[in-house]
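# build me a model from this:
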Amino acid sequence: MSELFAEDAALVRRDYVYIPAGLLIAGTWICKRDWTIYAAIVAVLFGAYNLYALRIVPVLKPDTFQEFELAEKTVISHNVAIYRFKLPAKTSILGLPIGQHISIGAPIEQPDGTTKEIVRSYTPISGDHQPGYFDLLIKSYPQGNISKHMASLIVGQSIRVRGPKGAFVYTPNMVRHFGMIAGGTGITPMLQVIRAIVRGREKGDRTEVDLIFANVTAQDILLQEDLDSLTKEDAGIRVHYVLDKPPRAGPAVSAMSPPT
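Okay, the predicted model is just below:
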């Protein structure tokens, strides 16, 4: 069990087992001392049920595709959307280590009329600290087999997922400073690591990040509000926007200027 799983499990035990059990036993001791033993038995049974019902279970299997239902689709632009998929239970998590990704598979019809299983990798923009679902930011391309398939999905339909996949796993303070370069939807794995760093500050993660995020125009920048919020919240996170076509605001405008 990873450190994140252990933290979440500890919170569940505290909020749904230890605190209710303690209150029940203490209240019975004060109001009806002779019934304390019965209160203790009830507390044990109640706690055992909650531990089972609310256990945090990672669902990913590296060698087996599983189906997850589309719960919500948020359109960002004409060819970009955020897809939210439901996990089996509200306490379920993907179990995806920071820095790794998932594989999505689908049978795609080919130009010759045959059907071929196509698999592509994506990095969720949500994390295991958000149980019950996972979010994918996907841009649909005219020749993109899986991205076009995703764009055609409607709420209630499912995708097939397996994982985790990848050789890199982020651990706090593994380096002093990350230099990152991303373009377009390539921001998703970078955002996953940056968010983990910011969440880990309270536990001593001192990693700094300089991210160069390249796009064609300011309108093409994905998740800019999220990135700007992270830089305002944490001085150790710096994002440098690079535009192929920066806004024309006079001779002083540079392609390295942050978009307005």
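
# give me the neighbour count for residue 158.
13 (other Cβ atoms under 10 Å). Yep, even glycine has a C-beta here, placed from its N, CA and C like the rest.

# that should have said residue 143, apologies.
Residues near residue 143, counting by other Cβ under 10 Å, number 6.

# isn't there a strand covering it?
No: with DSSP: H, G, I helix; E, B strand; the rest coil as the criterion, residue 143 is located in coil rather than a strand.

# any idea how far residue 229 is from it?
Here residue 143 is placed at a distance of 34 Å from residue 229 (Cβ to Cβ, to the nearest Å).

# for residue 147, what are its contacts?
120, 138, 139, 140, 141 (Cβ atoms under 8 Å, 6 or more residues apart in numbering).

# helix or strand for it, which one?
helix 145-152 (DSSP states H and E).

# need the buried ones from the contacts of residue 147 selected in PyMOL.
To isolate the buried ones among the contacts of residue 147 in PyMOL, judged by 16 or more other Cβ atoms under 10 Å, type:
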select buried, resi 120+138+139+140
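
# from the contacts of residue 147, pick the one nearest residue 160.
For the contacts of residue 147, the minimum distance to residue 160 (Cβ to Cβ) is 11.5 Å, reached by residue 120.

# what about the contacts of residue 147, which are in strands?
When the contacts of residue 147 are checked against strands (DSSP state E), the matches are 120, 138, 139.

# does the last one touch residue 80 like I think?
Yes: the pair residue 139 / residue 80 is scored as a contact, 4.8 Å apart, by Cβ atoms under 8 Å.

# anything in contact with each of these two?
Common neighbours of residue 139 and residue 80 (Cβ under 8 Å, 6+ apart) are 185, 222.

# quick test: name the residue nearest the centre of the protein.
residue 126 (1.7 Å; Cα atoms, centre = their mean).

# how about that one, secondary structure?
Residue 126 - assigned by three-state DSSP - is coil.

# next one: it relative to residue 245, how far apart?
Taken as Cβ to Cβ, the span from residue 126 to residue 245 is 31 Å.

# was I right about residue 74 contacting residue 81?
Yes: look at residue 74 against residue 81 with Cβ under 8 Å: they come within range, at 6.2 Å.

# please identify which of these two sits among more neighbours.
Applying other Cβ under 10 Å to residue 74 and residue 81 shows that residue 81 carries more neighbours, namely 18 against 11.

# ok, what's across the strand from that one?
Beta bridges link residue 81 to residue 75, residue 138, judged by DSSP bridges.

# spatially nearest residue to residue 233 (excluding sequence neighbours)?
Of all residues beyond its chain neighbours, the one nearest residue 233 is residue 198 (6.6 Å), with distances taken as Cβ to Cβ, 6 or more residues apart in numbering.

# tell me the secondary structure of the nearest residue to residue 222 once chain neighbours are set aside, please.
Once flanking residues are discounted, residue 222 sits nearest to residue 187: 5.9 Å by Cβ to Cβ, 6+ apart. Using three-state DSSP, the structure places residue 187 in helix.
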